[in-house]
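In: Coordinates for the following, if possible.
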Amino acid sequence: MEKTIKVKSTSSNEIYDVVFKDENNLISINCNCKAGLVKTICKHRKSLIDGNFTTILNENDIKTLNEIFNEISKSKIVELFTEIDDIENKIEKLNVLKKKLRKEIGLKLSNGF
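Out: Residues are numbered from 1 along each chain as shown. Sure, this is the predicted structure:
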């Protein structure tokens with residue numbers, strides 16, 4: 001199975017093709033934007049995987065996406081994105097702690113230990 005969903009860019013007037021393929025129980029999702037062409041996680045693929053349909057050019061494609069998501073939900077991709085989200089949350093908390101510690105060290109350096 002191969003399905004192409006046209007999506008609008010959120011930052012320009014560009015239209016991109018997000019192509020979903022399911023061959024031999026292997027799901028691939030590709031986009032023809034700059035990030036997608038170099039095989040990084042582009043915001044177009046990620047938003048569709050997250051269920052954000054606001055950038056879809058043709059609303060009739062929502063039904064197609066729901067069919068695709070039934071297949072995606074059986075794959076490991078959801079688990080991997082959950083892992084990435086967990087890591088990003090941990091990084092954010094660590095950055096807050098780092099900023100707090102830097103401020104505390106700066107005060108101590110200025111005022112003495």
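
In: Dump the least confident helix or strand in the chain by mean pLDDT to CSV, restricted to CA.
Out: Lowest by mean pLDDT, DSSP states H and E among the helices and strands of the chain is helix 61-72, with a mean of 81. Extracted in CSV, the C-alpha atoms of helix 61-72 (Å, rounded to 0.1, in the frame of the first residue of the first chain):
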residue,chain,number,x,y,z
ASP,A,61,-7.1,12.6,3.4
ILE,A,62,-8.0,12.5,7.1
LYS,A,63,-9.9,9.2,6.5
THR,A,64,-6.8,7.8,4.7
LEU,A,65,-4.6,8.9,7.6
ASN,A,66,-6.8,7.2,10.1
GLU,A,67,-6.4,3.9,8.1
ILE,A,68,-2.7,4.4,8.0
PHE,A,69,-2.6,5.1,11.8
ASN,A,70,-4.2,1.8,12.4
GLU,A,71,-1.1,0.2,10.9
ILE,A,72,1.3,2.6,12.6
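
In: next helix or strand past that helix?
Out: helix 77-111 (DSSP states H and E).

In: Check which helices and strands that following helix is in contact with.
Out: Using 3 or more CB pairs under 8 Å, 6 or more residues apart in numbering; DSSP states H and E as the contact test, the elements touching helix 77-111 are helix 43-49. Yep, even glycine has a C-beta here, placed from its N, CA and C like the rest.

In: Need the contact partners of the helix it packs on.
Out: 5, 7, 9-10, 16, 18, 29-31, 33, 35-36, 54-56, 65, 72, 77, 81 (CB atoms under 8 Å, 6 or more residues apart in numbering).

In: From the residues you listed, which land in strands?
Out: Applying DSSP state E to the contacts of helix 43-49, the entries found in strands are Ile5, Val7, Tyr16, Val18, Ile29, Asn30, Cys31.

In: This completes my enquiry, with thanks.
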